[in-house]
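Asker: Coordinates for the following, if possible.
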Amino acid sequence: MDKQSLIRDMKSYCNSSFVTRRKLADYMGIKDCNHVNKYLRGLERINGKYYFIPDVAARLKERCTV
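Answerer: Numbering: from 1, shown residues only. Here you go, the predicted structure:
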């Protein structure tokens, strides 16, 4: 999956351009939302809890292995 496909899929899932930790955990199938902190660490937040989906997608692609 390329970055643009990931962004489109996440935006479709969230019905927004922003995602919370809980929504990201749900999207990834992770029960405990604390386990997605490693993907969100250092990213800019809006109102303390909303992350811009293209930033999150870029971080996920950085951390993926083949």
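
Asker: can you map out the helices along this structure?
Answerer: 3-14, 21-28, 37-40, 53-63 (DSSP state H).

Asker: Just tell me which of these ends up closest to N47.
Answerer: The closest of those to N47 is helix 21-28. By C-beta to C-beta, the value is 12.9 Å. (Each C-beta comes from the backbone N, C-alpha and C, glycine too.)

Asker: Work out the gap between that closest one and the centre of the chain.
Answerer: Centre-to-centre, helix 21-28 and its host chain are 7 Å apart (C-alpha atoms, centre = their mean, to the nearest Å).

Asker: How about it, which residues are buried there?
Answerer: By neighbour count with 16 or more other C-beta atoms under 10 Å, helix 21-28 contains the buried residues R21, K23, L24, A25, D26.

Asker: surely K31 meets R22?
Answerer: No: at 10.8 Å, K31 and R22 do not qualify as touching, with contact defined as C-beta atoms under 8 Å.

Asker: Which residues does stretch 10-27 contact?
Answerer: The contact list for stretch 10-27 (C-beta atoms under 8 Å, 6 or more residues apart in numbering) reads 31-37, 39-40, 46, 49-54, 56-57.

Asker: Run a quick neighbour tally on the nearest residue to K49 once chain neighbours are set aside.
Answerer: Using C-beta to C-beta, 6 or more residues apart in numbering and skipping residues adjacent in sequence, the residue nearest K49 is T20, 5.3 Å away. Neighbours of T20 under the rule other C-beta atoms under 10 Å: 17.
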